[in-house]
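Enquirer: with the sequence up front, the predicted model follows.
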Amino acid sequence: MPSPPPHIPRSNERTVLQKLNRSHGLTLYQLYPAGRLLLNSMLAKGWIELQPDGKTYCRTVKGEEAMKLKLKIG
């Protein structure tokens, strides 16, 4: 099965987005099994952001919009 387009979250990205919300941040350890590589990719897409404390991540508005996208199969 081909990978989804880059603007649609894959299952591991969707898992991270589901754990996060816009008001409360989670640390890298709380987002396990997601690693730095995955989080850096999601930061680059604008789906998450690093909080001013430099330790926690939150979902962005763009991340919320990505969660609403549906993958068309078939």
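Expert: On my side now, so go ahead.

Enquirer: secondary structure element for the residue nearest the centre of the chain?
Expert: Centroid-nearest residue in the chain: residue 17, 4.1 Å away (criterion: C-alpha atoms, centre = their mean). Take DSSP states H and E as the rule and residue 17 turns out to sit in helix 11-19.

Enquirer: what about that helix, distance to the chain center?
Expert: 6 Å (C-alpha atoms, centre = their mean, to the nearest Å).

Enquirer: ok so, going back, surely the residue nearest to the centre of the chain touches residue 9?
Expert: Yes - with contact defined as C-beta atoms under 8 Å, residue 17 reaches residue 9; the gap is 6.1 Å. The C-beta positions use only the backbone N, C-alpha and C, and glycine is treated the same way.

Enquirer: overlap in contacts, those two.
Expert: Common neighbours of residue 17 and residue 9, using C-beta atoms under 8 Å, 6 or more residues apart in numbering, are 47, 66-67.

Enquirer: which ones among the residues you listed are found in helices?
Expert: Judged by DSSP state H, the subset of the shared contacts of residue 17 and residue 9 located in helices is 66-67.

Enquirer: okay, who's weakest in the shared contacts of residue 17 and residue 9 by pLDDT?
Expert: Minimum pLDDT for the shared contacts of residue 17 and residue 9 is recorded at residue 67 (89).

Enquirer: now do the residue found closest to that residue once you drop the neighbours it is linked to in the chain, the pLDDT please.
Expert: Counting by C-beta to C-beta, 6 or more residues apart in numbering, residue 17 is the residue found nearest to residue 67 once chain neighbours are left out, at 5.2 Å. Residue 17 is assigned 93 on the pLDDT scale.

Enquirer: how about the one 4 residues further on?
Expert: pLDDT recorded at residue 21 is 77.

Enquirer: look up phi and psi at the residue lying closest to it once chain neighbours are set aside.
Expert: Leaving aside its chain neighbours, residue 21 sits nearest to residue 59 (6.0 Å; criterion: C-beta to C-beta, 6+ apart). Note on residue 59: its backbone torsions stand at phi -80, psi 140 [degrees, to the nearest 10].
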